[in-house]
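Peer 1: Structure for the following, please:
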Amino acid sequence: MNDYIKTNVPLTSALVLQQSRSVYTSELEKKYLEHIDFSEVMAVGQQMTAVTTVISNAICIRRNYVRKVLLEQLLSSPKQQICILGAGLDPLSIFLLEHRADRISNIFEVDGSDSIQTKAGIYSDLIPEADQTHFIQCNLTDTDLLMEMLLLKGYQPGKPTIVVLEGVVHYIHNHEFVKLIQQFRSGAKHNKVIMDYSLDDTDIPEHALSLHRTIIDMFEKFIKAKVNLNSREEMITVLNDFGAAEIRVDTIKDVEFQLNGNNLLFPHQGEGVLEMLVFNI
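Peer 2: Numbers count the residues shown, from 1 in each chain. All right, here's what the predicted structure looks like:
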């Protein structure tokens with residue numbers, strides 16, 4: 001795991017959104033994108049794409065995977081609550097309300113930057129009748145304040161919850177991740193976590209190692225910070241140590257096949273920089 005310093009979250013969120021625009025296909029999602037200013041990240045996005053399309057492809061696969069698992073999980077129990085931690089600019093709530101509004105009691109979008117307030121304003125304009133989504137500006141590492149603010153917004157600790165932690169663990173220490181996710185532990189382990197993490201060199205095939213290092217270097221230069229990298233074994237150990245159950249690991253190769261029925265983009269395990277995790281807590 002690497003040293004961590006604070007990153008420019010709003011720009012990072014805009015870049016990730018810009019790199020995953022093909023994910024957003026509904027008219028409401030497209031209208032949302034019209035409200036986002038991508039001007040500050042267009043140049044770096046083009047530079048990244050000129051080097052490789054792996055970043056954009058992996059982010060799109062990750063986002064579609066999160067959506068797929070959410071839709072599946074929401075069928076397992078009525079009226080679940082959803083906590084989207086590190087929500088950034090991704091209009092995930094719009095997608096959920098368009099597809100499973102009747103299965104959701106509340107959605108809590110949390111982010112440390114003030115872009116979450118901008119996002120709240122856009123949602124208010126686009127879906128003024130939707131009262132299930134709540135927006136919270138809070139540093140995720142301040143877990144006491146986070147839980148206090150969630151409770152004020154109507155979060156119910158004893159109710160089945162899906163926690164989305166997409167694009168977060170790359171920027172915090174593992175011990176901060178553990179402290180954060182432990183806030184959502186349930187006695188019956190009925191809460192579900194969907195997340196991703198960045199692979200270190202250990203699990204990267206030799207033919208993909210140079211590109212993997214180039215991608216990590218490009219991203220670290222953009223965010224002016226080190227990315228938290230973990231081997232698969234390290235991450236599974238972290239999860240086991242705090243009592244996670246029913247741990248499921250999906251490589252980007254696995255996910256591409258699940259989503260598309262082929263591996264045209266990522267034919268080998270360890271490609272795609274990221275891996276996905278789903279577990280109960």
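
Peer 1: can you list the weak-confidence ranges in this structure?
Peer 2: 1-9 (pLDDT under 70).

Peer 1: residue nearest the centroid of it?
Peer 2: The chain has residue 166 as the residue nearest its centroid, 1.2 Å off, counting by C-alpha atoms, centre = their mean.

Peer 1: which non-adjacent residue is nearest that one?
Peer 2: Nearest non-adjacent residue to residue 166, counting by C-beta to C-beta, 6 or more residues apart in numbering: residue 66, 5.4 Å away. The C-beta positions use only the backbone N, C-alpha and C, and glycine is treated the same way.

Peer 1: Could you pull up phi and psi at that neighbour?
Peer 2: phi -60, psi -40 (degrees, to the nearest 10).

Peer 1: got a list of what it touches?
Peer 2: 92, 164, 166, 194 (C-beta atoms under 8 Å, 6 or more residues apart in numbering).

Peer 1: and the gap between it and residue 194?
Peer 2: Using C-beta to C-beta, to the nearest Å, one obtains 6 Å as the distance from residue 66 to residue 194.

Peer 1: and for the two, which residues touch both?
Peer 2: 164, 166.

Peer 1: What strand or helix carries residue 124?
Peer 2: According to DSSP states H and E, residue 124 maps onto helix 115-126.

Peer 1: Give the other helices and strands that that helix contacts.
Peer 2: On a contact count with 3 or more C-beta pairs under 8 Å, 6 or more residues apart in numbering; DSSP states H and E, helix 115-126 meets helix 9-19, helix 27-34, helix 92-100, strand 104-111, strand 133-137.

Peer 1: Show me which residues of that helix are buried.
Peer 2: 115-116, 118-119, 122-123, 126 (16 or more other C-beta atoms under 10 Å).

Peer 1: residue contacts, the residue nearest to residue 111 when sequence neighbours are not counted?
Peer 2: Closest residue in space to residue 111, ignoring its immediate chain neighbours: residue 87 at 4.8 Å, by C-beta to C-beta, 6+ apart. By C-beta under 8 Å, 6+ apart, the residues touching residue 87 are 109-111, 116, 119.

Peer 1: ok so, going back, which of the contacts of residue 66 lies closest to residue 60?
Peer 2: Residue 60 lies nearest to residue 166 out of these, by C-beta to C-beta, at 12.4 Å.
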